[in-house]
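Enquirer: here you go, sequence then predicted model.
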Amino acid sequence: MTAARHDHVLAHLRAAGLGALADLGFRGLDNDVRDPVIVTGFTATCAHKLTPGQKDANRVLATGRAPAEHGFAHFKNWRTLTKLRTDPARATHLLRALLVLTNLEVNR
């Protein structure tokens, strides 16, 4: 969240007309109820159990985030990013290509 705040991710997403799916660690980053940019799930507490609708919303959110989470997990296993010494612009293209290849391999 600190990096997202420092780099003004919300402002960049709003300017581009985009949104993002995030895990519960990003709750509180986007407090705009009418036009949220960052979509997070619902949290249950001892006093407040989740409704069936909230559970379904969390399930749909997790389904949308799963491919990216799996791709990043494979990056960590391959240790691809630990030895990457290149221009960040080139690294973005490389990471996109690796994510596509990883998803093709995982979905076989």
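Expert: Here it is on my side, so go on. Residues are numbered from 1 along each chain as shown.
Enquirer: what number of residues lie near residue 41?
Expert: Residue 41 has 21 neighbours, counted by other C-beta atoms under 10 Å. (Glycine included, C-beta is placed from N, CA and C.)
Enquirer: look up how far residue 16 lies from the residue lying closest to it once chain neighbours are set aside.
Expert: The shortest distance from residue 41 to any residue other than its chain neighbours is 4.2 Å, reached at residue 58 (C-beta to C-beta, 6 or more residues apart in numbering). Taking C-beta to C-beta, to the nearest Å as the measure, residue 58 falls 26 Å from residue 16.
Enquirer: the more surrounded of those two?
Expert: The neighbour comparison of residue 58 against residue 16 (other C-beta under 10 Å) goes to residue 58, with 17 against 9.
Enquirer: tell me the pLDDT at that one?
Expert: Note on residue 58: pLDDT of 94.
Enquirer: for the one 10 residues further on, same thing?
Expert: Listed pLDDT for residue 68 reads 79.
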